[in-house]
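Enquirer: have a look at this fold, sequence not included:
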């Protein structure tokens, strides 16, 4: 069982930056694929970024060049650095952990989820 706790959300003006953190419990953090998803009001939860146990990173096209996912296995933590934020980035951001071979781009591919952290970008 893995517990995930996100932090770092908040209100920021367009063009600003935020860094989200997700702290995981357990001693097997390093083997999980870790992902970030987001859900805006009235929309489905969507993939944002993921990092594999080997360090390979994936980012959705809409955030490439602005967001960067990273992980620190010594701290059992995954980060999402968000720069050049836009109002359309406003959403609840969720951290997720995958312990299986399913798709890393789909919510169904993840086994554990955090409670989410709100990110609001004002224009």
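Expert: That came through, no problem. What you are looking at is a predicted structure, and each value in this text was computed from that prediction instead of being measured.
Enquirer: just the element for the spatially most central residue of the chain, please.
Expert: Centroid-nearest residue in the chain, with Cα atoms, centre = their mean: residue 36, separated by 2.1 Å. Using DSSP states H and E, residue 36 maps to strand 33-39.
Enquirer: contacts for that strand?
Expert: 20, 22, 24, 45-53, 69, 71, 78, 80, 89, 91-98, 104, 107, 110, 116, 119 (Cβ atoms under 8 Å, 6 or more residues apart in numbering). For every residue, glycine as well, the C-beta is placed using N, CA and C.
Enquirer: are any of these buried, and which?
Expert: 20, 22, 24, 45, 47-52, 69, 71, 78, 80, 89, 91-98, 104, 107, 110, 116, 119 (16 or more other Cβ atoms under 10 Å).
Enquirer: restricted to strands, list these.
Expert: Among the buried ones among the contacts of strand 33-39, the ones falling in strands (DSSP state E) are 20, 22, 24, 47-51, 69, 71, 78, 80, 91-98, 119.
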